[in-house]
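# make a model of this:
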Amino acid sequence: MTTSSSEQGVSLGMPQLPAPAYPDDVRARLEADGREIIARYPDSRSALLPLLHLVQAEEGHVTRTGQQFCADLLELTTAEVAAVATFYSMYRRRPSGDYQVGVCTNTLCAVMGGDAIFESLQEHLGVGNGETTDDGKVTLEHIECNAACDFAPVVMVNWEFFDNQTPAGARRLVDDLRAGTPVAPTRGAPMCTFKETARILAGFPDERPGAVEASGGAGPASLVGLRLARGEAAPARVVHPRGSGAPQNEPPTEHLSSHDAPQDTSASDPAHPAGPVAEEGE
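This is a model prediction of the structure:
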């Protein structure tokens with residue numbers, strides 16, 4: 001039995017037409033910004049990554065028009081630009097929302113509740129991985145390790161951290177984002193839209209009042225090892241077996257996000273238990 005070219009997803013029609021150009025005023029503005037970016041590098045080709053962030057800041061994803069713009073400015077082929085734009089996951093290849101909500105589903109976050117959070121958000125938002133809500137506000141995706149395992153499970157919104165999440169807290173977070181209610185990351189700068197984030201990643205200053213000062217550094221849990229290496233005394237911790245009736249440790253005092261849940265993690269959420277629910281071998 002043979003399979004037709006249409007069933008294989010192969011197009012035998014006319015080749016794709018050249019990408020449409022930016023309007024003259026948009027191109028002039030982007031070209032001025034692009035020249036500023038290129039001037040930072042001894043080799044103009046090195047400016048390709050920030051230039052891709054620049055065109056992403058314009059349209060919310062890297063379009064064929066954006067790739068053609070980068071190619072023209074750097075005297076590269078569109079194939080060379082596309083090879084880079086399709087390699088890195090931070091460059092979006094189709095329209096996406098104002099807020100990129102990424103749920104870490106790598107090992108530690110997954111077993112601490114990341115899988116349950118991702119499944120809960122898919123059902124709550126009515127979208128799958130990489131899909132965007134009808135109002136254009138939220139794009140949901142599962143993402144790889146955020147290097148924040150000591151705050152697992154972690155959700156990121158436009159690359160800002162929301163630590164120690166639960167399914168309920170994550171649902172409140174996306175509801176607030178869609179409603180326009182201000183949200184505060186656990187660590188990092190105040191929230192901005194994905195386009196604004198892309199422009200900052202292109203290397204342009206974040207001009208929002210107080211945003212740079214608010215970006216801060218590593219969270220307290222990340223600095224425990226450093227304090228021990230310096231010989232600083234760590235507070236004593238007594239961990240009692242679960243179910244013993246003994247009092248548990250007091251929660252950490254520093255949790256800045258209005259959506260984090262340091263005590264109500266998957267380990268204490270009967271509806272979303274951590275680890276396998278069946279015996280080994282079943």
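
# tell me the contacts of C192?
By Cβ atoms under 8 Å, 6 or more residues apart in numbering, the residues touching C192 are N158, I200, D206, R208, A211. Bear in mind the C-beta positions are built from the backbone N, C-alpha and C, glycine included.

# A221 touches A152, doesn't it?
No: taking contacts as Cβ atoms under 8 Å, A221 lies outside contact range of A152: 10.1 Å.

# quick one, which of these two is more surrounded?
A152 (23 against 16; other Cβ atoms under 10 Å).

# out of the contacts of C192, which are buried?
N158, I200, D206, A211 (16 or more other Cβ atoms under 10 Å).

# any idea which helix or strand comes after the helix or strand bottoming out on mean pLDDT in the chain?
One helix or strand of the chain scores below all others by mean pLDDT, DSSP states H and E: helix 211-214, with a mean of 72. Counting by DSSP states H and E, the next helix or strand C-terminal to helix 211-214 is helix 224-229.

# counting by contacts, list what that following helix packs against.
Other helices and strands packing on helix 224-229, by 3 or more Cβ pairs under 8 Å, 6 or more residues apart in numbering; DSSP states H and E, are absent; none qualifies.

# and V26, how far is that from C70?
Look at V26 and C70: by Cβ to Cβ, to the nearest Å, they are 14 Å apart.

# the two - which one has more neighbours?
Using other Cβ under 10 Å, the more surrounded residue of V26 and C70 is C70, with 26 against 14.

# I'd say the more buried one and A83 touch.
No: in this structure, C70 is not within contact of A83 by Cβ under 8 Å, at 11.8 Å.

# gap between the longest helix belonging to the chain and the chain center?
Ordering each helix of the chain by length in residues (DSSP state H) puts helix 24-38 first. Centre-to-centre, helix 24-38 and its host chain are 27 Å apart (Cα atoms, centre = their mean, to the nearest Å).

# quick one: buried residues of it?
So, applying 16+ other Cβ under 10 Å, buried residues of helix 24-38: L30, D33, G34, I37, I38.
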